[in-house]
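S.K.: Sequence first, predicted coordinates after that:
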Amino acid sequence: METILEPLQVQSLKEACITKLQELILSGKLKIGETLPPERRLAEQLGVSRPVLHEALVDLAAKGLVTIVPRRGVFVSDFRTSGSLAMLTALISYHKGELDRPFLESLIQMRLLMEVETARLAAIHRTPEHLQQFHSLLEEEGRVNRQDVQALAEIDFRFHQLIAIASGNLIYPLVINSFKPLYTNLTSRFFKHHLGDQVIEEVFNFHRQLVQAIQSLNPHIAAMIMREMLNHGARHLMSLIGGKNGNPNL
């Protein structure tokens, strides 16, 4: 039986500082182009030391939320033009883990664009070693506890990660890895909602079909199955936020 308790997570002062400033920026309370108070005053307002605040600001700058200009100050950035992949985790954190429809639709569209291509390339460039890894993963899927949400999300991530690796493109696996926390957050919700029903078996059946297409060196079929699988997941995820069928193009 799935436990109703989850491990407690205690934020460090730096993490708490990052979370607070992210919320102020993403909520619009701190507006794009606005100058933050001087570090000494901002640290006092947040109740942290200046070194802790500075580390938090450096983290926010790496994500594209602020710009640090020496001797001029710290400015709120437009993350749409300056944000990095690290912003994906910041956005899901800001929504407290809730599924935001425009954000989810954007993620789905990105995955359709990228992962259909990784599946197509995997069917062209896969090696015997990749095939062995795929079949080992399918065997693991056959044994995984269908009531263990974390295990289900982890093995699903590894499957998509392996497809990216088998594509032969060096960048695709790095992109997949970059949003693993966000990916597993969403898939955990997906699997938790469908514990005990047929949807989980449908996902693993897609995996088996996709491996067969990759093994058969059929890029067209591999791409088609990946698109169908992602659309299948999108429809169910959209249903979790009250949508009927989600994006009509999904």
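M.R.: Noted; the coordinates are in hand. Numbering: from 1, shown residues only.
S.K.: So residue 177 sits against residue 162, correct?
M.R.: No. Counting by CB atoms under 8 Å, residue 177 stays clear of residue 162, with 11.9 Å between them. (Each C-beta comes from the backbone N, C-alpha and C, glycine too.)
S.K.: Compare these two (neighbour count), which wins?
M.R.: residue 162 (22 against 13; other CB atoms under 10 Å).
S.K.: Look up the pLDDT of that one for me, please.
M.R.: Note for residue 162: predicted pLDDT of 98.
S.K.: do you know how far the residue at the greatest distance from the centre of the chain is from residue 23?
M.R.: The outermost residue of the chain relative to its centre, with distances by CA atoms, centre = their mean, is residue 71 at 36.0 Å. For residue 71, the distance to residue 23 equals 28 Å [CB to CB, to the nearest Å].
S.K.: what's the answer for residue 205, then?
M.R.: Residue 205 is 41 Å from residue 23, by CB to CB.
S.K.: Looking at the two, which is more packed in?
M.R.: Taking other CB under 10 Å, residue 205 and residue 23 do not tie; residue 23 has more neighbours (15 against 12).
S.K.: Phi and psi next, for the more buried one.
M.R.: Dihedral angles of residue 23 (phi, psi; degrees, to the nearest 10) stand at phi -60, psi -40.
S.K.: so what pLDDT did it get?
M.R.: Per the predicted model, pLDDT is 87 at residue 23.
S.K.: go on, residue 1?
M.R.: The model's pLDDT for residue 1 equals 40.
S.K.: How is this structure partitioned into domains?
M.R.: The chain breaks down into these structural domains: 13-86, 100-240 (assignment by automatic domain parsing).
S.K.: longest helix in the chain, by residue count?
M.R.: helix 101-125 (DSSP state H).
S.K.: Show me what counts as buried in that helix.
M.R.: 103-105, 107-108, 111-112, 114-123, 125 (16 or more other CB atoms under 10 Å).
S.K.: Point out where this structure drops to low pLDDT.
M.R.: 1-11, 85-86, 88-100, 241-250 (pLDDT under 70).
S.K.: Show me where it has its strands.
M.R.: 66-69, 73-76 (DSSP state E).
S.K.: Just send these back as JSON lines, with distance to residue 222 and mean neighbour count too.
M.R.: Below are the strands of the chain laid out as JSON lines (distance: least, CB to CB, whole Å; neighbours: other CB atoms under 10 Å):
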{"stretch": "strand 66-69", "distance to residue 222": "42", "mean neighbour count": "17"}
{"stretch": "strand 73-76", "distance to residue 222": "43", "mean neighbour count": "18"}
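S.K.: With distance to residue 54 as added columns, please give these in JSON lines.
M.R.: Converted to JSON lines, the strands of the chain look like this (distance: least, CB to CB, whole Å):
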{"stretch": "strand 66-69", "distance to residue 54": "9"}
{"stretch": "strand 73-76", "distance to residue 54": "10"}
